[in-house]
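>>> could you work out the structure for the sequence below:
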Amino acid sequence: MNRVLFLIPTLDRSGSEKQLSLLAAGLPRNEFDVRVVCLTRGGSYEEELQRAGVPVDILQKRLKLDPIVLWRLRQVVAEFKPHIIHTWLTAANLYGRLVSCWMKIPVTIATERCVDRWKSTYHFPVDRWLSKKTDRLVVNSQGVAKFYRDHGVSGDRIQVIVNGIDPVKSQKYDRKRIREQIQLPADACVIGYVGRLAAQKRIRDLIWAADILKIVLPKVYLLIVGDGPQRHQLQQFARDCNILDRVKFLGHCDEVESLYSAMDVFWLGSEYEGMPNSVMEAMACGLPVVATNVSGVNELVIEGETGYLIPVGDRAEMAHKTFQLFENHVLAQQFGNSGRLRMEQFFSTQNMIDSHVSLYRELLGNHAEKSERIVQ
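Numbers count the residues shown, from 1 in each chain. Now for the predicted structure:
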């Protein structure tokens, strides 16, 4: 039995955490014994993992560089004796790879999920140094792969495994009832955004575009689902634009699929991404998408087939393309159906899990061969 230890900062309800949870719960139990360790805290996905029989440890990191947590992680590794350490996101990639080198774990895999423009100049030398001690850097899009190649990580160590998503049965939700619950008129033109309320997502552009759109679509509404550091600023911005009555801040939603069923079009205005789960979820629910033409997003949305891609910050074009979809319901439905089919064919959860299983087998096989040569 091969033991796999996953390491991630938290299990908050976000994209990377969702993908880790799907993978950890879905690995074949006759081949892999799985354990998840969180550096800082648990979160929404902790209970789901435990229901799937996956143990979760919380190390309670309090400092940016916390030697106590490094020691706690070493103790967990010494007890579990993993054949593979698979780390997710920057902090976990650092702690996990240091301990893996320290404990001489057979296989070390790191995962990056986004074009991390926030990283400072000192991050990249560390990334390059750690990559030499990593069997594979897994990324979720060609855009993220290019970003790390451009910053000096060897392409031989990078592997793209795209995100996975389960089929969505949106028809199980009563669209009319859900619209009533969030106080939307039955004939409202509803646009949605799902995700963090952070600067990267450029949600002001969405509010501004909705303000433009209401001139020609008086019954337009924008649903903003999620939370984050910019929530109060964005609410004030909507108030200043005199459109707060048409922008509904709904906060976190555990059953977000129900809200997708209330939407007609999905928006994303990010200035950079990895491979956004929210766009995948919207497409799986049969929604046409209008989103910025950035790496990762343009690997999901096919221009003129499943939605429209626009330049970053072009609010007028976002409003214009969305108006076309509301004017042409047949086209909007075609885009939505094509998007759902694309998710089913190329981005299934099972494909994502199978790709990781193949990678684990390959790297474990390489390690076994290397060990045999050393013995001989």
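>>> tally of neighbours for the residue nearest to residue 213 when sequence neighbours are not counted?
Setting aside the residues directly before and after it, residue 213 is nearest to residue 319 in space (C-beta to C-beta, 6 or more residues apart in numbering), at 4.3 Å. C-beta: built from backbone N, CA, C; applies to glycine. Residue 319 has 24 neighbouring residues, counting by other C-beta atoms under 10 Å.
>>> a helix runs through residue 319, doesn't it?
Yes: the assignment for residue 319 by DSSP: H, G, I helix; E, B strand; the rest coil puts it in a helix.
>>> contacts only, for it.
Applying C-beta atoms under 8 Å, 6 or more residues apart in numbering to residue 319 gives the contacts 209, 210, 212, 213.
>>> if you set the cut-off to 6 Å instead, what comes out?
209, 212, 213 (C-beta atoms under 6 Å, 6 or more residues apart in numbering).
>>> among these, who's most crowded?
Neighbour-wise, the contacts of residue 319 (other C-beta under 10 Å) top out at residue 209, 26 neighbours.
>>> the one helix or strand it maps to packs against which elements?
Secondary structure from DSSP states H and E places residue 209 in helix 203-213. Secondary-structure packing of helix 203-213 (3 or more C-beta pairs under 6 Å, 6 or more residues apart in numbering; DSSP states H and E): helix 231-240, helix 315-327.
>>> what about the stretch 151-300 of the chain, any weak spots by pLDDT?
Judged by pLDDT under 70, the stretch 151-300 of the chain has its weakly predicted residues at 169-171.
>>> quick one, strands of it?
158-160, 189-194, 220-225, 247-251, 265-268, 289-292 (DSSP state E, counting those that start in this stretch).
>>> which helices and strands does the fourth one pack with?
For strand 247-251, the helices and strands in contact under the criterion 3+ C-beta pairs under 6 Å, 6+ apart are strand 220-225.
>>> ok so, going back, need the helices and strands packed on helix 203-213 in JSON lines (columns: distance to residue 340).
Below are these laid out as JSON lines (distance: least, C-beta to C-beta, whole Å):
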{"stretch": "helix 231-240", "distance to residue 340": "30"}
{"stretch": "helix 315-327", "distance to residue 340": "16"}
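>>> looking at the ones you listed, which is buried most?
Ranked by mean neighbour count, the helices and strands packed on helix 203-213 are led by helix 315-327 with a mean of 19 (mean count of other C-beta atoms under 10 Å).
>>> what's the angle from it to strand 189-194?
If you take axes from the mean of the first three to the mean of the last three C-alpha atoms, to 10 degrees, helix 315-327 sits at 130 degrees to strand 189-194.
>>> now do helix 315-327: distance to the chain's middle.
From the chain centre to the centre of helix 315-327 is a distance of 26 Å (C-alpha atoms, centre = their mean, to the nearest Å).
>>> so the helix holding residue 209 versus strand 247-251, what angle?
Interaxial angle, helix 203-213 versus strand 247-251 (the same axes, to 10 degrees): 150 degrees.
>>> could you check the angle helix 231-240 makes with helix 203-213?
20 degrees.
>>> residues in contact with helix 203-213?
Contact with helix 203-213 is made by 193, 220, 222, 234, 237-238, 241, 243, 247, 267, 269, 313, 315, 318-319, as judged by C-beta under 6 Å, 6+ apart.
>>> from these, pick the one nearest residue 65.
For the contacts of helix 203-213, the minimum distance to residue 65 (C-beta to C-beta) is 32.7 Å, reached by residue 234.
>>> can you pull the contacts of that closest one?
residue 203.
>>> what is whatever helix or strand residue 358 lives in packed up against?
Per DSSP H and E, residue 358 falls inside helix 349-375. With contacts taken as 3+ C-beta pairs under 6 Å, 6+ apart, helix 349-375 sits against helix 15-26.
>>> got the CA coordinates for the helix it packs on in CSV?
Extracted in CSV, the C-alpha atoms of helix 15-26 (Å, rounded to 0.1, in the frame of the first residue of the first chain):
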residue,chain,number,x,y,z
GLY,A,15,-10.5,26.3,-5.7
SER,A,16,-7.2,24.6,-4.7
GLU,A,17,-8.8,23.2,-1.6
LYS,A,18,-11.7,21.8,-3.6
GLN,A,19,-9.3,20.0,-6.1
LEU,A,20,-7.2,18.5,-3.3
SER,A,21,-10.4,17.3,-1.5
LEU,A,22,-11.7,15.7,-4.7
LEU,A,23,-8.3,14.0,-5.3
ALA,A,24,-7.7,12.8,-1.7
ALA,A,25,-11.3,11.4,-1.5
GLY,A,26,-11.2,9.8,-4.9
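>>> quick one: strands adjacent to the very next helix or strand once past it?
Where DSSP H and E defines the elements, the next helix or strand beyond helix 15-26 is strand 32-38. Counting by DSSP bridges, the strands paired with strand 32-38 are strand 2-8 (parallel), strand 56-58 (parallel).
>>> first-to-last residue distance for stretch 309-323?
The straight-line separation of the ends of stretch 309-323 (C-alpha to C-alpha, to the nearest Å) is 14 Å.
>>> what pLDDT, on average, does that stretch get?
The average of the pLDDT scores along stretch 309-323 is 98.
>>> chain center to it: distance?
Centre-to-centre, stretch 309-323 and its host chain are 23 Å apart (C-alpha atoms, centre = their mean).
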